[in-house]
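Colleague: this is a predicted model, with the sequence first.
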There are 2 protein chains.
Amino acid sequence: MKPPEARLVYAAGEKDANLFYATRLLTPDPYVFLQVGRRKIIATSDLELGRARAEATVDEVRAHSEIERALRTAGAQSPGPADVIAALLREFRVRAVNVPADFPVHLADELRRRRFTVTPKAGAYWESRPVKLPEELRAIEETQAAVEAAMAMAVETLRRAKTRGSRLYDGREVLTSERLRRVIDLALMERNCVARGTIVACGDHGCDPHHLGTGPLKPDTTIIIDVFPRCATSQYFADMTRTVVKGKASPEVRRLYEAVREAQELGISRLAAGVQGSEVHRQVQEHLTNLGYKTRPRNGKLEGFIHGTGHGVGLDLHEAPWLTPRGGIVPEGAVVTVEPGLYYFGTGGVRLEDMLLVTKSGCRNLTRFPKILEV
Amino acid sequence: MKPPEARLVYAAGEKDANLFYATRLLTPDPYVFLQVGRRKIIATSDLELGRARAEATVDEVRAHSEIERALRTAGAQSPGPADVIAALLREFRVRAVNVPADFPVHLADELRRRRFTVTPKAGAYWESRPVKLPEELRAIEETQAAVEAAMAMAVETLRRAKTRGSRLYDGREVLTSERLRRVIDLALMERNCVARGTIVACGDHGCDPHHLGTGPLKPDTTIIIDVFPRCATSQYFADMTRTVVKGKASPEVRRLYEAVREAQELGISRLAAGVQGSEVHRQVQEHLTNLGYKTRPRNGKLEGFIHGTGHGVGLDLHEAPWLTPRGGIVPEGAVVTVEPGLYYFGTGGVRLEDMLLVTKSGCRNLTRFPKILEV
């Protein structure tokens, strides 16, 4: 008889989505997760025991310290995590474990030295993770509601702002990226969401898609607003981007905006269960290229459509499936973004991002926020 | 001639403090870091190139995509991160690399298959990380200023609250853990700090040191408030805990509080460059035991002094050096917490945590917030 498949994770519940997915136990410090067949066991520090027993969706919660104590009684000098894991594996008669691709090499080496077979699993560690259960979808939609409320506050703040010269004023204060980011992050927090790295990037700042944006916002210039918080309770993310201009958009920016909007609609129209993520990306890319928007370096910086078309969203902000050159099959029930963008220094950056639930025949847009260029 | 030591990290700047420490480049997605002798090279996605060249404290920034392109030209089918890393290592004539203990096993295996020697480094990856530079200390102190301002808001809210029956009221609203947590987290955000998991734990909730606390706060009952945000700009954490009672503390709680306060003072008085972290912990533990506070399981839950005495604080909330049973030598310039606690179900939990800079002859307390039990 083939022994049942065994899986091993060692990580902090707060930092590792694969672990939290399996146990629903959020901890600042690492703990051991072992699954033998369908049986799930964790071994946590004494500090986590109470909460682990109350919250973790596992069959058994062990005290790390008790296993250590037993090892010391048996003569071990100062047993570490590898010793504790080895003891657990022996107890459950496991000789071979599958671990996530990002399992710590140090522990893997220690376990291999103790003659266990440690095999990193290629691709998604939990095959089911990309496919969202109803309660996971609900959690993502809840976070998305907070995202849209925060975006509404940001747009309203821009609408209300007065233009004087090349600056915008919120009352008597100069309206900066930092100030608008705080409006967004506070609105998110009111809704129990934690933002890290909200983007409010004006003009050339927006051409570097990971630039957070700094300093005064300018009228008649593109402002990319990318909001992607995590719900403090459910731990699920949502992700949305809008691009706006306070005042008048130039004809060039209008054309950029329309091109990106069309490319996004094209991408969304191609999305359905079973498509190749790479193929959706290719078609979006082709559309922008056909419109004459080239992607190439200029003065040492890339311009054009310089990133992937989209990514899965869930317990990680960026997770499978991927709408990128290396993206694989998109399953029914996945939640993915479609977010083409065009970036040209001197003109500005435009990105539009919606989040969609993939269905058998197409997809359902989880994003309701309107796409309006001038505010 | 011995080849220069080479180091390799592959991680996301946002998630990996060892990487951010070396490069000061914050990214949501992983990138390659290679150090050969003193020369630092990174290879990032096209998306990060601009910011990487502007911000990263490295000698050279490469485009991941260009290395991939070269590999494809040379015949590779679909080169992945391991191929790109291997190409970089070959270019710099590196055959052996030191990696962090938590380097992904998957990549390590791929590199070993390509005949590179991959050695996880035991202990701290950067020996210098525990010892804070003046600008790092400044960053921690800035975060700490936000922590103290937020704690002051929390205590003020409790002071102002009205007691009716077994509940507290903030105006017309019942004062809950959630509500007080929001007061704290908003105050932190006003100061550019991001909180995740702020603890406001009343009574028995506080006896599970990682329970965030939920529901109505009670008068005459211990409330543990543990605040540990990260500055959104500098990325440095700070960490402080106070325990308060709104109304009257019972004689039992008073004794707990005094015992913990004394144990903390003892721990602080033992802290100095060169001491063993484990020894500081042992003395603090001994003090509490001598006062008659036993640590043991009751009804399947641990009670007493059930966690370590302290930990380093920096780019990680919990980092070396450790004041725990396995803690090693504490170096001059480290920033550590001293945070004994006592937890007894039915009585309540008390924890007091200050953050200290270790000096040659002792330590300097970075925490100014007063320790006042009744508010």
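Modeller: Sure, I can see it. None of these values were measured; they are calculated from a predicted model.
Colleague: given whichever strand or helix holds A:Arg364, what are its sheet partners and their directions?
Modeller: Assigned by DSSP states H and E, A:Arg364 falls within strand A:363-365. As defined by DSSP bridges, the strand partners of strand A:363-365 come to strand A:354-358 (antiparallel).
Colleague: run the chain-centre distance for the partner strand.
Modeller: Offset of strand A:354-358 from its chain centre (CA atoms, centre = their mean, to the nearest Å): 14 Å.
Colleague: now stretch A:127-144
Modeller: Averaging C-alpha positions (CA atoms, centre = their mean) puts stretch A:127-144 13 Å from its chain's average.
Colleague: let me know whether that stretch sits next to chain B.
Modeller: No - using CB under 8 Å from any CB of the partner chain, stretch A:127-144 never reaches chain B; the gap is at least 14.8 Å. (Glycine included, C-beta is placed from N, CA and C.)
Colleague: that stretch: which residues count as buried?
Modeller: A:Arg129, A:Pro130, A:Val131, A:Lys132, A:Glu136, A:Leu137, A:Ala139, A:Ile140, A:Glu142, A:Thr143, A:Gln144 (16 or more other CB atoms under 10 Å in any protein chain shown).
Colleague: confirm the fifth one sits in a helix?
Modeller: Yes - assessed by DSSP: H, G, I helix; E, B strand; the rest coil, A:Glu136 belongs to a helix.
Colleague: mind listing what it touches?
Modeller: A:Tyr236, A:Gly314 (CB atoms under 8 Å, 6 or more residues apart in numbering or on different chains).
Colleague: go on, A:Arg254?
Modeller: Per CB under 8 Å, 6+ apart, neighbours of A:Arg254: A:Leu373.
Colleague: host element of it?
Modeller: helix A:251-270.
Colleague: so for A:Ala320, what's the pLDDT?
Modeller: What the model reports as pLDDT for A:Ala320 is 95.
Colleague: isn't there a helix covering it?
Modeller: No - using three-state DSSP, the assignment for A:Ala320 is strand, not a helix.
Colleague: now do it against A:Pro331, distance only.
Modeller: In this structure, A:Ala320 and A:Pro331 are 9 Å apart, going by CB to CB, to the nearest Å.
Colleague: next, show the common contact partners of these two.
Modeller: Counting by CB under 8 Å, 6+ apart, the contacts common to A:Ala320 and A:Pro331 are A:Pro130.
Colleague: higher neighbour count, those two?
Modeller: More crowded of A:Ala320 and A:Pro331, by other CB atoms under 10 Å in any protein chain shown: A:Ala320, with 22 against 18.
Colleague: list the residues that contact that one.
Modeller: Applying CB under 8 Å, 6+ apart to A:Ala320 gives the contacts A:Gly123, A:Ala124, A:Arg129, A:Pro130, A:Gly312, A:Gly328, A:Ala334.
Colleague: the closest residue to A:Ala145 other than its chain neighbours: neighbour count?
Modeller: Spatial nearest neighbour of A:Ala145, chain neighbours left out: A:Arg191 (7.3 Å); criterion: CB to CB, 6 or more residues apart in numbering or on different chains. Using other CB under 10 Å, A:Arg191 has 16 neighbouring residues.
Colleague: can you give me the strands in the stretch 101-250 of chain A?
Modeller: A:117-120, A:162-164, A:167-170, A:173-174, A:193-194, A:199-202, A:222-227, A:230-231, A:240-245 (DSSP state E, counting those that start in this stretch).
Colleague: relative to chain B, which of these is closest?
Modeller: When those are compared by CB to the nearest CB, strand A:117-120 sits nearest chain B, at 3.9 Å.
Colleague: just to revisit the earlier point, what's the lowest-pLDDT member of the contacts of A:Ala320?
Modeller: Comparing the contacts of A:Ala320 by pLDDT, A:Gly123 comes last, at 78.
Colleague: my guess is A:Arg72 contacts A:Pro79, does it?
Modeller: Yes - counting by CB atoms under 8 Å, A:Arg72 does reach A:Pro79; the two are 6.5 Å apart.
Colleague: name the residue in the two with the higher neighbour count.
Modeller: Higher neighbour count among A:Arg72 and A:Pro79: A:Pro79, with 18 against 13, using other CB under 10 Å.
Colleague: residues contacting that one?
Modeller: A:Pro79 touches A:Ile67, A:Glu68, A:Leu71, A:Arg72, A:Ala87, counting by CB under 8 Å, 6+ apart.
Colleague: quick check: pLDDT value at it.
Modeller: Looking at A:Pro79, its pLDDT is 90.
Colleague: who touches the most centrally placed residue in chain A in this structure?
Modeller: The centre of chain A sits closest to A:Leu317, judged by CA atoms, centre = their mean, with a distance of 0.6 Å. Shown in contact with A:Leu317 (CB under 8 Å, 6+ apart): A:Phe228, A:Arg230, A:Phe237, A:Asp239, B:Pro28.
Colleague: pLDDT check: weakest of these?
Modeller: Lowest pLDDT among the contacts of A:Leu317: B:Pro28, with 82.
Colleague: now that one, what's its secondary structure?
Modeller: Strictly by three-state DSSP, B:Pro28 counts as coil.
Colleague: these two touch, right, it and B:Ala12?
Modeller: Yes - contact criterion CB under 8 Å: B:Pro28 and B:Ala12 qualify, at 6.1 Å.
Colleague: for B:Leu352, see how far away A:Val147 is.
Modeller: Taking CB to CB as the measure, A:Val147 falls 38 Å from B:Leu352.
Colleague: A:Lys294 touches A:Ile306, doesn't it?
Modeller: No - contact status for A:Lys294 versus A:Ile306: not in contact, 11.0 Å apart, counting by CB under 8 Å.
Colleague: kindly export stretch A:199-214 (C-alpha atoms) in CSV.
Modeller: Written as CSV, here are the backbone C-alpha positions of stretch A:199-214 (Å, rounded to 0.1, in the frame of the first residue of the first chain):
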residue,chain,number,x,y,z
ILE,A,199,-0.7,54.4,-4.9
VAL,A,200,-1.6,58.0,-5.8
ALA,A,201,0.9,58.8,-8.6
CYS,A,202,0.7,61.9,-10.7
GLY,A,203,2.2,62.4,-14.1
ASP,A,204,5.6,60.8,-14.5
HIS,A,205,5.4,59.2,-11.0
GLY,A,206,2.6,57.1,-12.5
CYS,A,207,4.9,55.9,-15.2
ASP,A,208,6.8,53.8,-12.7
PRO,A,209,3.9,51.5,-11.7
HIS,A,210,5.2,50.8,-8.3
HIS,A,211,6.0,54.4,-7.4
LEU,A,212,3.7,55.4,-4.5
GLY,A,213,3.6,59.0,-5.6
THR,A,214,4.9,62.0,-3.6
